[in-house]
Structures are given as structure tokens and as C-alpha cells.
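K.L.:
coordinates only, sequence not included:
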């Protein structure tokens, strides 16, 4: 065991953290399917399911929208149980106090998430769905962080010997991650406001760079919409939501591109943070493509759900990149101290000094 380790590596705890993160990620995807199939109110009661104990609801009745909503509830209960087990396990076996505390924070988050989902049904409030989705993203990031923090790689890495990460790069990664989080909140608002198809063309919007949302223009848009026969007319607010979502996608692409370029320039292509940012950029490319296909496919449920899942994975990648980048923030002072003692210039210090 490396002398810099904070705790003993526990493989079974790590594997259990992986399982919890995977189930949480699948839960995000299933939640996306519930929204894509407009099945959020298919089960009108909570915590029961049509009067049955949720866990005893007959399989024969799992049909239509009920299938998506009921399986979402069952998977959410599974994630809740896994989270409690993980928190208790870390509380008993984990040497790092801050990690033990975060385990119980995760328990609180999963309880809040479940209550928000239940109140969304009982009160029939679409706005609660946005908070439900936001807490889900925060909880997902935390579960993947547990995977990182319990991994052998995290524990044995000699952090004080790695190339230091500059303050500029750390800020770039942080700001890009915050942008993605805000974009996911905006996307959740769009889904619950039924604004996903408020604009039917791309890259233009009703043939314009930024569409006119005056009363006359809105009347014309709705008269031209093919789906107006089966759907309610779109509003100016829905169109503006989607336009800000598109603008957010451009800003995120540029921000992540800057992170990848800066990481490669400062750290080289073989550095772990450099590889993470390149993978992050690939996810953003895929996410933008899925967003475009969501419009062209008339918001096909599978495409819209993949869009949600890749967005969540992009947030996780950015958040873990932040954790790693800030963990390496203390490397520069240590390397500088070693350089002063040895009388030489460490290459990593020279890189930082010459920026």
C-alpha cells in the first residue's frame, strides 16, 4: 500500500459502489422513458400502485404507461436500498470521516428524491418534476464519486508526484461542468413544459437564426405546424426555452473544447485528465447529435431518452474531472518545495511557471 493512502482499499465496497452507480444511471434512463412516453401520471396514487402495495402489484397489470412508471418506482426503491447499505458499509469500514458523512448525505438525497417523485404524483405538479430531475443529477454525480473515491487507483496514486493542474484549467473544467448542470435543469424544464418540439427545424428556428415570438408570429407558427391537430399550440415561452437550450449547447461545446485543448497543451495526451477531457468532448458531440435527432425524429422516445442519459453522463464526467483536477491542485507547492531543496527545476514546475 502506498504511503499516501488514506485508507485500505476494500474491493467489495468498491464493487458495491459501482453497482449503486450503475443502477442509479439506469434509473435516470428509465425516468427519461417515463417522461418521453408521457407516463408520469399513469399511476395516480403513491406510495401505493392502484391501491396495491407497490411491491405486490400484479405483473399482469404492468401495461402501457403503467409499465414505465411502476418499474421506475421499483428501480428507485432498489437504488434507495443500495444507498442505505452503502452508507452503513462506509460508516463501519471507511477510515475517511468526510466520506462517511457523504454516505449519509446520499441517503438524505435519495429520500428527498423519492418524496419529490411521490408529491409530483399526489399534487399533479409538473414543476416538481424539474426539482425531481435536478436532485437526480446531483445524486448520480455523488454515486459515481463514491466509485472514484473507493477505487484502488484513487488510493494508490502518488498525487504529490503528478504534473500539477493549473488554476486556469481547474476553473475551465469547473465552469464547463456548471454549464452542463444548468443545461440539464433547462432540459428538464423543457420536458415538463412540453417544449421539446416547440421548434421543428434545425439549425434554423422557423427559418430564422432567432425566431420572432410576437403574437402575429406565434399565430403563423401554429397555423403552419403539422402536429397542431393532435397537440396544443406552442407558446413563446416554449420557443424561448428551446432557443436558450440550443444556445447552451453551443456554449458547452466551446467550454469543453477549451478544456480538452488546454489539458492536452499543459499535461500531454497521456495524462489521465487529458484523456478524460477528450472523452468528455466526444460525449458532447454525441449529445448534440442526439439533440438534433430528437427534433428530426419528432421526439422519438428512445432518442430522447438517450439524449437524457448522455447528458447525465456528461455531467458525471465533468464532475469527476473536477474532483481529479482539484485533487492535483496541491501538487505545485510540493513540487516547488522539492525543487528548492534539490536546487533544480522540476519540469512540471517549469511548465506552470512559463504559462
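P.N.:
Cool, the structure landed. Please read these numbers as outputs of a predicted model, since none were measured by experiment.

K.L.:
contacts only, for residue 295.
P.N.:
In this structure, residue 295 makes contact with 197, 199-202, judged by Cβ atoms under 8 Å, 6 or more residues apart in numbering. For the C-beta atoms, the positions are set from N, CA and C on the backbone; glycine is no exception.

K.L.:
could you do residue 32 as well?
P.N.:
Residues near residue 32 by Cβ under 8 Å, 6+ apart: 304-305, 307-309.

K.L.:
reformat the residues you listed as JSON lines; add distance to residue 134.
P.N.:
Below are the contacts of residue 32 laid out as JSON lines (distance: Cβ to Cβ, whole Å):
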{"residue": "304", "distance to residue 134": "18"}
{"residue": "305", "distance to residue 134": "18"}
{"residue": "307", "distance to residue 134": "17"}
{"residue": "308", "distance to residue 134": "13"}
{"residue": "309", "distance to residue 134": "16"}
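
K.L.:
top of the contacts of residue 295 by neighbour count?
P.N.:
In terms of neighbour count, residue 199 stands highest of the contacts of residue 295 at 21 neighbours, by other Cβ atoms under 10 Å.

K.L.:
distance of that residue from residue 216?
P.N.:
In this structure, residue 199 and residue 216 are 17 Å apart, going by Cβ to Cβ, to the nearest Å.

K.L.:
ok, residue 233 next?
P.N.:
In this structure, residue 233 and residue 216 are 14 Å apart, going by Cβ to Cβ.

K.L.:
same deal with residue 283?
P.N.:
Computed with Cβ to Cβ, the distance linking residue 283 and residue 216 is 41 Å.

K.L.:
ok, back up a step: which of the contacts of residue 295 sits closest to residue 44?
P.N.:
The shortest gap between residue 44 and any of the contacts of residue 295 belongs to residue 197, at 26.1 Å (Cβ to Cβ).

K.L.:
that closest one and residue 298 touch, don't they?
P.N.:
Yes - here residue 197 reaches residue 298: they are 6.8 Å apart, a contact under Cβ atoms under 8 Å.

K.L.:
would you state the strands of the protein in chain order?
P.N.:
Listed in chain order, the strands of the chain (DSSP state E) amount to none at all.

K.L.:
what stretches of it score poorly on pLDDT?
P.N.:
1-7, 126, 226-231, 330-355 (pLDDT under 70).

K.L.:
distance from the biggest helix by length in the chain to the middle of the chain?
P.N.:
For the chain, the longest helix by residue count, based on DSSP state H, is helix 236-267. Distance of helix 236-267 from the chain centroid (Cα atoms, centre = their mean, to the nearest Å) equals 15 Å.
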